[in-house]
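Q: Predicted model and sequence follow; I will ask about them next.
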Amino acid sequence: MKTLVVIPTYNEKDNIARIIKAVFKLPLKKVEVLVVDDSSPDGTGTIVKELKKKYPRRLHLLTRKEKNGLGKAYVEGFKWALKRNYDFIVSMDADFSHHPKYLPKMLRLAQEGENDIVIGSRYIPGGGIVGWDWRRQLNSRGANIATRAMLGLKPKDSTAGYKVYAKSYLQSLPLDKLVASGYAFQVEMLYLGKERGAKMAELPIIFVDRQRGSSKIGGELKRSVKIVWRLFLRRRVVRQGAKFMSVGLMNAFLDGAILFSLVELASLDKIIARIISSSIALTSSYVLNRLWTFRNHSKKIAGQFFAFILINGSGLVWNNLLYGAMVKKLDINYLLAMVVATAIVAFWNFGLSKVWVFKEGKK
Ligand SMILES: Nc1nc2c(ncn2[C@@H]2O[C@H](COP(=O)(O)OP(=O)(O)OP(=O)(O)O)[C@@H](O)[C@H]2O)c(=O)[nH]1
Ligand SMILES: [Mg+2]
């Protein structure tokens with residue numbers, strides 16, 4: 001089993017030699033290191049070149065012209081690794097926050113547990129952070145929780161940078177088409193794993209703040225928020241939700257337009273007109289959700305249509321109960337109550353339509 005540890009560096013002259021030696025001291029066979037250096041002005045690259053004399057076969061250096069982001073550095077490192085057929089590829093910071101001592105256990109978990117991704121996790125029992133003030137702790141925690149919720153990620157540490165990847169998993173990724181070029185790269189890698197049903201595991205690590213050198217994280221937070229937002233909008237459930245809501249809105253207008261025409265132009269009885277208009281709107285809503293929102297191709301159209309009507313009908317009952325409670329018990333303005341009740345019930349309708357009416361088969 002061949003392993004490559006990829007270490008991206010920008011101005012890490014005080015750490016790089018020590019971390020390389022620490023990796024090579026591990027009781028592991030066939031471990032090599034690739035440093036991806038963005039032409040650090042402090043001479044990190046020169047130090048690595050010197051060390052290559054000591055480890056000619058195990059140490060590699062990839063030099064990039066200029067500082068171009070952590071994510072891009074990893075992508076280049078990963079491509080380099082895939083060309084050379086390493087079985088496991090590790091992402092590790094140069095500053096000892098990701099201590100090499102955890103690597104043997106992480107690799108074992110990847111190999112024996114047949115995991116696609118093993119995460120060195122700060123947020124499971126046994127893990128933790130040393131050396132960050134409460135502000136940075138809170139920041140990281142908050143970012144972690146928000147990211148997990150928005151992207152539906154299972155791992156407890158969704159922003160972790162210390163990971164072991166199985167070769168086959170990296171091969172399945174569109175490495176040239178990632179949206180993140182900086183720190184959010186780590187989140188995107190997990191998100192892609194979720195989309196692909198990758199098998200993931202976490203191993204607790206104590207993350208220790210850097211003792212030497214300076215941080216490069218400035219400005220990354222804002223950029224990362226943008227990336228997480230973009231990934232969120234790409235989620236299938238979010239896209240389906242948006243389509244479902246627009247179908248609902250469209251058909252409310254359709255209902256009104258038909259009702260108006262039947263009453264005003266065809267002088268139909270108002271009750272009969274509404275029965276006709278709402279039936280047409282409901283049918284159109286079913287058809288659009290089947291063909292457009294959920295792209296469902298099942299053959300059971302009659303049963304599905306019935307289920308759809310059942311959900312929407314029960315939604316209407318809920319809607320009126322909620323509306324009544326808000327108006328009578330809470331004394332809320334009736335129009336506001338109507339909007340709130342309808343919004344809540346829209347989620348009810350969407351959720352049940354997704355998991356029951358138009359349920360997707362397993363891929
Ligand atoms: N090649 C390359 N490496 C980078 C770049 N930005 C950061 N790094 C490296 O990525 C790793 C993580 O960066 P850090 O600055 O330690 O980020 P952090 O751990 O979030 O913050 P601190 O530990 O507080 O400094 C380090 O090894 C950096 O040298 C970059 O643009 N290109
Ligand atoms: Mg660091």
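A: Happy to help now that I have it. Numbering: from 1, shown residues only. Ligands and ions are numbered 1, 2, ... in the order given.
Q: Relative to ligand 1, which residue of the stretch 101-250 of the chain is the closest?
A: When distances are taken as CB to the nearest ligand atom, the stretch 101-250 of the chain reaches nearest to ligand 1 at residue 215, 3.0 Å away. The way it works is simple: take the backbone N, C-alpha and C, and place the C-beta from them, glycine included.
Q: Near that residue, how many other residues are there?
A: Other residues near residue 215 come to 9 when the count uses other CB atoms under 10 Å.
Q: That one sits in which helix or strand?
A: Assigned by DSSP states H and E, residue 215 belongs to no helix or strand.
Q: near ligand 1, which residues of the chain?
A: Proximity of the chain to ligand 1 is confined to 8-10, 12, 36-38, 67-70, 73, 93-95, 97, 210, 215-217 under the rule CB under 6 Å from any ligand atom.
Q: In helices only, show me the residues you listed.
A: Helix and strand membership here follows DSSP state H; of the residues of the chain next to ligand 1, those in helices are 70, 73.
Q: Buried only: go through the residues of the chain next to ligand 1 for me.
A: Neighbour-count burial (16 or more other CB atoms under 10 Å) applied to these gives 8-10, 12, 36-38, 67, 69-70, 73, 93-95, 97, 210, 216.
Q: May I have the residues that are in contact with residue 19?
A: For residue 19, the residues meeting the contact criterion (CB atoms under 8 Å, 6 or more residues apart in numbering) are 7, 92, 94, 95, 96, 100.
Q: rerun that using 6 Å as the cut-off
A: residue 94 (CB atoms under 6 Å, 6 or more residues apart in numbering).
Q: Run through the bridge partners of the closest residue to residue 193 other than its chain neighbours.
A: Counting by CB to CB, 6 or more residues apart in numbering, residue 117 is the residue found nearest to residue 193 once chain neighbours are left out, at 5.4 Å. When bridges are called by DSSP bridges, residue 117 pairs up with residue 165, residue 200.
Q: Quick check: the gap between residue 117 and residue 187.
A: For residue 117, the distance to residue 187 (CB to CB, to the nearest Å) stands at 12 Å.
Q: same deal with residue 35?
A: As defined by CB to CB, residue 35 lies at a distance of 23 Å from residue 187.
Q: And those two? Which one has more around it.
A: Under the neighbour definition other CB under 10 Å, residue 35 and residue 187 were set side by side, and residue 35 has more, 28 against 25.
Q: Report the contact partners of the more buried one.
A: 7, 9, 48, 61.
Q: For ligand 2, what is the nearest residue in the stretch 101-250 of the chain?
A: When you check the stretch 101-250 of the chain against ligand 2 by CB to the ion, the closest residue turns out to be residue 210, at 4.7 Å.
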